[in-house]
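Student: build me a model from this:
(2 chains)
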Amino acid sequence: MSVLTVDQVSIGFGGVVALDDVTLEIPPAEIRGIIGPNGAGKTTLLNVICGINRPDRGDVRLDGASLIGLKPSRIAAKGLGRTFQTARLFRGLTVLENMMVGLHLETRSGLFGAAFSSRAMRAEERELAERARRSLEFVGFAHLAELPGAALSFGQSRIVEIARTLIHEPKVVLLDEPAVGLSLNRSAELDRLLRRIRDERGVTLVMIEHVIRLVMEVSDRVTVLSYGRNIAEGRPADIRENPEVITAYLGRALDARRAAS
Amino acid sequence: MAWLTRRNVLLAGLGLMAVLPGFANPYALFVANLLLIYVILAIGLNLLVGYAGQLAFANAAMFGIGAYTTGLLQVNLGFGYWQALPCGALLAMLIGSAMAYPALRLSGLYLALATLAFAQFTQWVFLNWETVTYGAGGFKVPEVSFAWLGVPSHIGIYYLTLVHAAALFLIAWGIVRSPIGRAFVAIRDGEVAAESLGIDLLRYKALAFAMSGFYAGAAGGLYCAALNFVAPEGYDLFQMVLHKAMVVVGGLGSVVGSVLGATLLVLLLELLRGFKSSQEIVYGALLLAFVIFLPEGVISLVKRRLAGWEEPMRRHAASAEPPPSAAAEATEETGRP
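Tutor: Residues are numbered from 1 along each chain as shown, chains lettered A, B, ... in the order given. You can find the predicted model right below:
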């Protein structure tokens, strides 16, 4: 049984077909890499899954329930998290508060509790802060808790953003190019973190990525998109050898590298 | 100066305001009343603009809707003040929350223009729907009687405003430190990311607009009773600039900053009373100067100089202090194996 299903999804923007009959079945606790050249429809696929774009045809299901037509905030409540190409920390909140926004769906205190700073609200806030702190420890960033979001570096923001998505214990997290712009050290750290998320938390990760090394290293399976179509799917080793993929995506660059090595 | 904490200063201010009617002349008391009304307006506007990040220009219109509703219900329909005042605040709140719908589609400059158009429309209604609003000349509102408390009307209204200002300050202070305030700031700093974490944009924008509308509407109802008179020019674009200037001078994204901003500008308004024509220029220049030289407002200076003024969160995005990150990250990257 797959946790996330993309069922024959098609979407076009003003005559340009962005996704053409794309189907994905992603089982629980898998890391799925999605690769493809620029304009292949990778980001559109993420946007369709998380509800920013509505597909013209097809269905997206999380644990068997359709997500089509739901607002992104409702889809998030059903257990789908995502991160962005350029990490989007809330600049005016501290890192800890950023993490607490990740727990937004679990806050129970309402308007009156807030307006009158009720005891229940303050107790809940302490509890959320404690959980946020533990989640920061999970990624080794507890020491950054009190810094404003704006003060973090690119790489740090990225990791905090992933942690912020995880804190609400989603079933599936979509990662939009998590390794882009990271230093080698940070990138290796990210590898380890993604595996730990899968193994320790049982979360399914769907990652679109340009950094082929990361995709091939950590993905359980890889899907290749080209011109909005799903042209190949399989274990990283098989994808690497798939001639259609090599011509469509890796192209001459890889041939050249092979020739050199 | 360790005793100059936020709590002490605010309590001293409240204490001063509470005993003021004992020695101030009626004019000074009226100015103090005006100051409290502007404190309410500035806090309400700051919730919407400084915290939730919605660049709306309808605050003066909401102020007017509160004042007109409170006044007209008394004059035209024979309501008592105590019924009319909540009606004015609630109507402004309702109209305010309806603005969340356009705000879902529009942001930044476009939202500013849409709300500005709405503000001009309310001006037009105040001016031209003469059978109901009495047009450009405005109308007189009966004095609110406080005979049952044994105090003259102007003192009764002053204390009513003081109680409102204190209560609305505390409510705003509670809201911004709660999950709701956090959701507001999240929407301000990144709508798409906020939504991806489960924050319902419509709901929180509607809440921000509704709160800000309620604050402005209540301020309008109190203003109506302080002046015993309502006329369109009290709620025009100049008013809007004034509210905005208070929020910017005080500090976007700071409730206490709004109190400081409103206080400073009302006092300045008094100093310039003799030069009526120069007021608008001075406010415009002040707004410009603050946006350029002190975008974090007066509150940022206070925070830097004095202990006990830190706000747990809600630094405005533009204000993010120079990040120590570059250096920190550099050492971290190289320092780690």
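Student: only C-alpha atoms from now on, for both contacts and neighbour counts.
Tutor: OK.
Student: excluding residues flanking it in the chain, which one is nearest residue B:260?
Tutor: residue B:250 (5.4 Å; C-alpha to C-alpha, 6 or more residues apart in numbering or on different chains).
Student: ok, the one you found - contacts?
Tutor: B:256-262, B:296-299 (C-alpha atoms under 8 Å, 6 or more residues apart in numbering or on different chains).
Student: now it: how far from residue A:235?
Tutor: Distance of residue B:250 to residue A:235, computed by C-alpha to C-alpha, to the nearest Å: 59 Å.
Student: buried residues in the helix ranked longest in chain B, which are they?
Tutor: The residue-count maximum for a helix in chain B (DSSP state H) belongs to helix B:201-227. Residues B:201, B:204-226 are the ones in helix B:201-227 that count as buried (16 or more other C-alpha atoms under 10 Å in any protein chain shown).
Student: check stretch A:18-34 too.
Tutor: Buried residues in stretch A:18-34, counted by 16+ other C-alpha under 10 Å: A:18-24, A:26, A:28-34.
Student: follow-up on the earlier one: need the contacts of residue B:250 in JSON lines with secondary structure and neighbour count, can you?
Tutor: Below are the contacts of residue B:250 laid out as JSON lines (DSSP: H, G, I helix; E, B strand; the rest coil; neighbours: other C-alpha atoms under 10 Å in any protein chain shown):
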{"residue": "B:256", "secondary structure": "helix", "neighbour count": "20"}
{"residue": "B:257", "secondary structure": "helix", "neighbour count": "27"}
{"residue": "B:258", "secondary structure": "helix", "neighbour count": "35"}
{"residue": "B:259", "secondary structure": "helix", "neighbour count": "26"}
{"residue": "B:260", "secondary structure": "helix", "neighbour count": "21"}
{"residue": "B:261", "secondary structure": "helix", "neighbour count": "29"}
{"residue": "B:262", "secondary structure": "helix", "neighbour count": "30"}
{"residue": "B:296", "secondary structure": "coil", "neighbour count": "26"}
{"residue": "B:297", "secondary structure": "coil", "neighbour count": "25"}
{"residue": "B:298", "secondary structure": "helix", "neighbour count": "21"}
{"residue": "B:299", "secondary structure": "helix", "neighbour count": "25"}
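Student: tell me which of the residues you listed is nearest to chain A?
Tutor: Nearest to chain A among the contacts of residue B:250, counting by C-alpha to the nearest C-alpha, is residue B:296 at 12.1 Å.
Student: give me the neighbour count for the residue lying closest to that closest one once chain neighbours are set aside.
Tutor: In this structure, residue B:296 finds its nearest non-sequential neighbour in residue B:251, 5.1 Å apart by C-alpha to C-alpha, 6+ apart. Other residues near residue B:251 number 30, with proximity taken as other C-alpha atoms under 10 Å in any protein chain shown.
Student: contact partners for residue B:251?
Tutor: Applying C-alpha under 8 Å, 6+ apart, we find residue B:251 in contact with B:257-258, B:261, B:295-300.
Student: could you export those residues as JSON lines, including pLDDT and distance to residue B:85?
Tutor: Output for those, formatted as JSON lines (pLDDT from 0 to 100; distance: C-alpha to C-alpha, whole Å):
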{"residue": "B:257", "pLDDT": "93", "distance to residue B:85": "27"}
{"residue": "B:258", "pLDDT": "94", "distance to residue B:85": "23"}
{"residue": "B:261", "pLDDT": "94", "distance to residue B:85": "26"}
{"residue": "B:295", "pLDDT": "86", "distance to residue B:85": "35"}
{"residue": "B:296", "pLDDT": "86", "distance to residue B:85": "34"}
{"residue": "B:297", "pLDDT": "88", "distance to residue B:85": "32"}
{"residue": "B:298", "pLDDT": "88", "distance to residue B:85": "33"}
{"residue": "B:299", "pLDDT": "89", "distance to residue B:85": "32"}
{"residue": "B:300", "pLDDT": "87", "distance to residue B:85": "35"}
